[in-house]
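# what shape does this take:
(one chain, ligands or ions: 1)
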Amino acid sequence: MQSCLLVSAPLDADADAAISIRGLVKRYGDRDAVAGLDLDIRRGEIFALLGPNGAGKTTTVEVLEGYRSRDEGDVRVLGQDPAAGGRRWRSRIGIVLQSGAGDSQLTCLELLRAQAAYYPDPRDPVEVLELVGLAEKAGARGRSLSGGQRRRLDVALGIVGKPDLLFLDEPTTGFDPEARRQFWSLIRSLRELGTTMLLTTHYLDEAEELADRVGVIAGGRLVEVAVPAELGGRQAAPAVVSWTEDGVRRSSPTPTPTAFVAELAGRFAGEVPDLAVTRPTLEDVYLQMIGQPAEEPAR
Ligand SMILES: Nc1ncnc2c1ncn2[C@@H]1O[C@H](COP(=O)(O)OP(=O)(O)OP(=O)(O)O)[C@@H](O)[C@H]1O
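Have a look, this model is predicted:
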């Protein structure tokens, strides 16, 4: 039995993973929007899918949600093929789309109650409003909410069914910095409750802050999957030590920054002016991976 599993594991989707994808292909006409994608997302994990516009993120996620057909490949979401997922399977999945239900005439609580009625074992709508920080807006109509509050309502609607797996599509677009931080803390609370999350985002700091692992997709292919700190060999990349000397900003890459700084400190006999030790950011390695320069050239 064991040897059989070992032989077949690389080819077959993993039924124990929250999401397992093998050889996914989706074509629009003669164009491959997704061109042979393999990925496993573990239960309880927060996974961020990164990629430039048109990379294939939405197409992939829609296949996983059961809203888009595929041309090739084996896909399992919570152990089911989403193309054949029934009502019971769907009730275990939550989806937070880019544009939500914020314009509704119903109040927040009414909306949540209506949504909860579709699920066999929903969360208490009042508790969900508290969890997303909208308790005081229970009686407010969706259209009276601010942009950030509407997004929280979208998340509330996505989680009221107590999903095992939550899809979040660019959840914090348009948030102010404080609202984003509050939202991140909400996502962490959901993780503590055991929810697996697949997040697409264009914010690299968001991926770094939240994700256990990130996957970079470009041209319909997965370029790399790694924990954020290790993407693109970041951890092993040489540090860059920068300082100011004789009024000039200097910098030097070094594999041994501690020794380098000690030597500098000796030379300056005390504080090294404007000393900084940096390593490539997630954004640096991401832009390199997708073939973009780290900084836009001046026009
Ligand atoms: N319904 C469709 N018909 C034809 N082509 C499509 C369709 N949907 C997507 N595409 C194409 O498939 C490719 C992948 O699109 P997709 O929306 O999956 O990218 P994305 O990574 O989600 O982009 P974004 O970051 O802009 O949301 C793009 O070239 C897009 O133009």
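
# how close does Val241 get to Thr254?
6 Å (C-beta to C-beta, to the nearest Å). Just so you know, the C-beta spots here come from the backbone N, C-alpha and C atoms, and that holds for glycine as well.

# which of these two has more neighbours?
Val241 (22 against 16; other C-beta atoms under 10 Å).

# can you pull the residues of the stretch 1-150 of the chain lying near the ligand?
28, 33, 51, 53-59 (C-beta under 6 Å from any ligand atom).

# pLDDT of stretch 247-261, averaged?
Stretch 247-261 comes out with an average pLDDT of 92.

# give me the distance between the two termini of that stretch.
18 Å (C-alpha to C-alpha, to the nearest Å).

# quick one, helices of the stretch 151-299 of the chain?
Counting by DSSP state H, counting those that start in this stretch, the stretch 151-299 of the chain has these helices, from start to end: 177-192, 204-210, 257-268, 282-289.

# can I get these in JSON lines with mean neighbour count?
Below are the helices of the stretch 151-299 of the chain laid out as JSON lines (neighbours: other C-beta atoms under 10 Å):
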{"stretch": "helix 177-192", "mean neighbour count": "15"}
{"stretch": "helix 204-210", "mean neighbour count": "20"}
{"stretch": "helix 257-268", "mean neighbour count": "13"}
{"stretch": "helix 282-289", "mean neighbour count": "18"}
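
# let's have the ones you listed in CSV, adding distance to the ligand.
Listed next are these as CSV, based on distance: least, C-beta to the nearest ligand atom, whole Å:
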stretch, distance to the ligand
helix 177-192, 18
helix 204-210, 14
helix 257-268, 36
helix 282-289, 13
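
# follow-up on the earlier one: can you list residues touching both of Val241 and Thr254?
In terms of C-beta atoms under 8 Å, 6 or more residues apart in numbering, Val241 and Thr254 are both contacted by the residues Phe260.

# closest to Ile159 out of the helices of the stretch 151-299 of the chain?
For the helices of the stretch 151-299 of the chain, distance to Ile159 was read as C-beta to C-beta. The smallest value, 6.6 Å, belongs to helix 177-192.

# which strands or helices does the closest one pack on?
When contacts are defined as 3 or more C-beta pairs under 8 Å, 6 or more residues apart in numbering; DSSP states H and E, helix 177-192 sits against helix 147-159, strand 196-200, helix 204-210.

# ok, which of those comes nearest Asp274?
helix 204-210 (23.8 Å).

# got the CA positions of the closest one in PDB?
In PDB, the C-alpha atoms belonging to helix 204-210 read as follows (Å, rounded to 0.1, in the frame of the first residue of the first chain):
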ATOM      1  CA  LEU A 204       3.700  42.100  -1.400                       C
ATOM      2  CA  ASP A 205       3.700  43.300   2.200                       C
ATOM      3  CA  GLU A 206       0.300  41.700   2.700                       C
ATOM      4  CA  ALA A 207       1.600  38.400   1.400                       C
ATOM      5  CA  GLU A 208       4.600  38.700   3.600                       C
ATOM      6  CA  GLU A 209       2.500  39.500   6.600                       C
ATOM      7  CA  LEU A 210      -0.100  36.900   6.200                       C
END
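
# for it, the averaged confidence score.
Helix 204-210 comes out at a mean pLDDT of 92.

# looking at the chain, which residue lies furthest from center?
Ala269 (46.0 Å; C-alpha atoms, centre = their mean).

# distance of that residue from the ligand?
52 Å (C-beta to the nearest ligand atom, to the nearest Å).

# and the pLDDT at that residue?
84.

# that one: what's it in contact with?
Counted by C-beta under 8 Å, 6+ apart, Ala269 has zero contacts.

# what about Ala33, which SS state?
strand (DSSP: H, G, I helix; E, B strand; the rest coil).

# quick one: residues contacting the closest residue to it other than its chain neighbours.
Of all residues beyond its chain neighbours, the one nearest Ala33 is Thr59 (4.6 Å), with distances taken as C-beta to C-beta, 6 or more residues apart in numbering. Under the criterion of C-beta under 8 Å, 6+ apart, the neighbours of Thr59 are 26, 33-34, 68, 220.

# repeat that for Arg68.
Contacts of Arg68 (C-beta under 8 Å, 6+ apart): 26, 59, 62.

# where does pLDDT dip in the stretch 1-150 of the chain?
1-11, 13, 15, 99-103 (pLDDT under 70).

# for it, just list every one of the helices.
Using DSSP H, counting those that start in this stretch, helices in the stretch 1-150 of the chain cover 2-8, 57-65, 87-90, 108-116, 125-131, 147-159.
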